[in-house]
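Chemist: Let's see this in three dimensions:
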Amino acid sequence: MKTVTLFTGLLLFAFLYATTKQTRFVVRFALMILLIAPACTYAMIAYIVLALFGAPGSTKDVNKQLGFAYSHLVDWFLPIKVELVEGSVPFDDRRPCVFICNHQSEVDFIAMATVFPKDAVILAKKSIRYIPFMGWYMALAGNVFIDRRNRESAVETMGRVAKIIQEKKVGVFMFPEGTRSRQTTNELLPFKKGAFNLAVQGQIPIVPMVVSSYHGVCNIKNMIFDGGVIRVKILKAIETEGCTNDDVDRLTQTAQDLMSKTLVEISGPVPAWSEPLKIKKAKKE
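Modeler: Alright, predicted model coming up:
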C-alpha cells in the first residue's frame, strides 16, 4: 500500500511539474537556494585548508572558489546558462578595484558566481550573516556585513572596508542600488554613493558589471522559472586617480548612465506584463 501511495504521489508530482508553471517555479527556486549549502560547505573547507597549508594570502581568492562550486552545481541541476557578452573587458588582477553590479533578485548570485573576480571581498547586508551556510561562509572568509539602517554603523563599516582594501590589497564587490530592484522594465534604481566614496578614498578603479534583465528566465512575482540565458557584460574601469570627494557625484552619475545603457543593450524586450519600477524616496547619505 505504501509503495502504491508513493508511486501515485511521484506520478502526480511529475504531472504537476510538467504542466504547471507554479510547481516548476517552486521546485527550481527551492533548488537554486538549496544548492548554496553544498557550495558554501566546499568553500569553507577550501578556506580552512588554504589557511592551514596554503601560501600566505592564498585565502584571498576563496570567494571565487565559492563561485566556481555554485556555478557548476547550477549548470548541472538548473536550466540556466550565464553568457559573458562579447566586448566585455577582462578584469585587471594586478590592482584592487571596487566592483559594482546591478541587483535584481536572488538569481543575481548565479551570474555573480560565474564571473566573480579574483581577490575580492563582498559587502553584504547584515541579515545575510544569519542565513545558514551562506552567513557562516561569509563570516569565515572575511567578507563584510553592513547595517544600512544605522548610518553611524554603516560609516564605520565603510571605513573598515577601506582599511581591508589597503592592508590586504583586495577589491570589494558591491551593489550600488543598495537593494533588489525586482525590475521588469530594463531600468536601474538610483545609485547610492558608498562605492564611489570608497573608490575615491582608496584612489582605485571602479569596475561596472551589468547583468541582463531575466524576466522570462526567472520572475518571482509571476512565479516564472522557465530558465534560459543570463548575459553579463564587464565594462571598462572608471579611473579615480586624482579624484576628490567633489568628483563623487560625477562618478556616480557616469556609472549609472553607462550601466543603464548597457542593461538595455544586453537585455530582451520589456514584457507586456511589466510594472513600473518602484523607487523609494532617497535618504541623505
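Chemist: and stretch 44-63, which residues are buried?
Modeler: 44, 46-47, 50, 59-63 (16 or more other CB atoms under 10 Å). The way it works is simple: take the backbone N, C-alpha and C, and place the C-beta from them, glycine included.
Chemist: Which members of those are the farthest-apart pair?
Modeler: Maximum pairwise distance in those, criterion CB to CB, is 15.5 Å, between Met44 and Lys60.
Chemist: buried ones in stretch 152-163?
Modeler: 154, 157-158, 161-162.
Chemist: Centre of the chain to it, how far?
Modeler: 20 Å (CA atoms, centre = their mean, to the nearest Å).
Chemist: what does stretch 56-74 give?
Modeler: That offset, for stretch 56-74, works out to 14 Å (CA atoms, centre = their mean).
Chemist: Any chance you could list what contacts it?
Modeler: Stretch 56-74 is contacted from outside by 32, 35-36, 38-40, 42-43, 46-47, 50-51, 80, 82, 109-110, 112-122, 137, 141-143, 168, 170, 173, using CB atoms under 8 Å, 6 or more residues apart in numbering.
Chemist: These, buried ones only, as a ChimeraX selection?
Modeler: Selecting only the buried entries of the contacts of stretch 56-74 in ChimeraX, with 16+ other CB under 10 Å as the criterion:
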select :32,35,36,39,40,42,43,46,47,50,80,82,109,110,112,113,114,115,116,117,119,120,121,122,137,141,142,143,170,173
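Chemist: Give me the subset of the contacts of stretch 56-74 lying in strands.
Modeler: Under the assignment DSSP state E, the contacts of stretch 56-74 contribute 80, 82, 120-122, 173 to strands.
Chemist: Skipping adjacent residues, who's closest to Ser105 in space?
Modeler: Spatially, and ignoring its direct neighbours in sequence, Ser105 is nearest to Arg180 (5.3 Å; CB to CB, 6 or more residues apart in numbering).
Chemist: same deal with Val211?
Modeler: Residue nearest to Val211 in three dimensions, not counting chain neighbours: Ala111, with 4.5 Å by CB to CB, 6+ apart.
Chemist: now do His103
Modeler: His103 sits nearest to Phe175 (CB to CB, 6+ apart), 3.9 Å away.
Chemist: Likewise for Ile33?
Modeler: Glu106 (7.2 Å).
Chemist: what pLDDT does the one you found get?
Modeler: Per-residue pLDDT puts Glu106 at 94.
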